[in-house]
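[1] could you look at this predicted model? Sequence included:
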Amino acid sequence: MKPMDLKEIILHIGLLGVFGVIFAESGLFFGFFLPGDSLLLTAGLLASQGFFDIKILILGCCIGAIAGDSVGYWFGKKTGPKIFKRPNSLLFKKENLLKARAFYEKHGGKTIILARFMPFIRTFAPIVAGAGEMHYNRFLFFNFFGGVFWVLAMSLLGYFLGTSVPNIDKYILFIVGGIILLSVLPTAIHLWRDQREEILAKAKEVLHNFKIG
């Protein structure tokens, strides 16, 4: 999705639509494909241009993010280990759930905070926490802190850029692209550390087949 397309979509769906997307991406398993980081950044930029009230944007998105994660937690708690046996479908990818579980097993409760800045894992982390029977009060602490920090960081970055950079629309493509790259980077580093040998073996295999071809 191009940033300018995202801008038009945000203006079309309004604040309530933005809150709904943040809620869905935060805890509904079919929300993993939604553009949470770029959505918050672009919405913050639009707020700097007078389209939205930044205070209402932040408050609504914080509520949506925290509530979404809570729904994901209770969904995971209700389904339990059975969810890991669920077959793939158009809106559910088991591999994303397994990645979130591996990340959760390594980092524990702070996964709920770290995952906010990691696409895909962000959606599945609260589900894994619920399935893993993390105590809800402990989960809520990480959920609240992570949700507020994520919303503030992304939306205020967009707002700051919108008020500081002249003709920001000319650079929004590069800015959003950079944010997406930074948000994916932790996941890439994690995968590289855990699966470096497999990745290198696969790369050698592809290179070998390329030379033969």
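    Looks like it arrived, so ask away.
[2] mean pLDDT per helix and strand in this protein: which one sits at the bottom?
    In the chain, no helix or strand scores lower on mean pLDDT, DSSP states H and E than helix 172-212, which sits at a mean of 63.
[3] what distance do you get for G132 to E25?
    Noted for G132: a distance of 21 Å to E25, by C-beta to C-beta, to the nearest Å. Quick note: C-beta positions are derived from backbone N, CA and C, even for glycine.
[4] more neighbours: which of the two?
    Counting neighbours by other C-beta atoms under 10 Å for G132 and for E25 shows that E25 has the greater number, 23 against 17.
[5] the more buried one contacts R122, correct?
    Yes - using C-beta atoms under 8 Å as the test, E25 is close enough to R122 to be in contact (6.9 Å).
[6] not counting sequence-adjacent ones, nearest residue to T79?
    Spatial nearest neighbour of T79, chain neighbours left out: A131 (6.6 Å); criterion: C-beta to C-beta, 6 or more residues apart in numbering.
[7] equivalent analysis for V71, please.
    Nearest to V71 is G27, by C-beta to C-beta, 6+ apart, at 4.5 Å.
[8] now do the one you found, the pLDDT please.
    On the pLDDT scale, G27 is placed at 73.
[9] helices along this protein, start to end?
    3-27, 36-48, 54-79, 94-107, 111-114, 121-131, 136-164, 172-212 (DSSP state H).
[10] most tightly surrounded among those?
    helix 121-131 (a mean of 28; mean count of other C-beta atoms under 10 Å).
[11] so how far is V165 from D69?
    Distance from D69 to V165, by C-beta to C-beta: 32 Å.
[12] wait, I meant F145
    Distance from F145 to V165, by C-beta to C-beta: 29 Å.
[13] over to L114?
    Distance from L114 to V165, by C-beta to C-beta: 29 Å.
[14] check C62 too.
    25 Å.
[15] what's the neighbour count on K110?
    So K110, with other C-beta under 10 Å, has 12 neighbours.
[16] from what I see, it and F141 are in contact.
    No - if you go by C-beta under 8 Å, K110 and F141 don't touch, sitting 10.6 Å apart.
[17] which neighbours do these two share?
    Common contacts of K110 and F141 (C-beta atoms under 8 Å, 6 or more residues apart in numbering): none found.
[18] next, the distance between the ends of stretch 104-122.
    One end of stretch 104-122 sits 11 Å from the other (C-alpha to C-alpha, to the nearest Å).
[19] so for it, mean pLDDT?
    Stretch 104-122 comes out at a mean pLDDT of 78.
[20] and if you look at stretch 69-88?
    On average, stretch 69-88 scores 79.
[21] what does that stretch rub up against?
    Under C-beta under 8 Å, 6+ apart, the answer for stretch 69-88 is 23, 26-29, 92, 94, 97-98, 101, 112, 123-134, 136, 139-140, 143, 146-147.
[22] swap the cut-off to 6 Å and go again
    S26, G27, K94, P126, I127, A129, G130, A131, F139, N143 (C-beta atoms under 6 Å, 6 or more residues apart in numbering).
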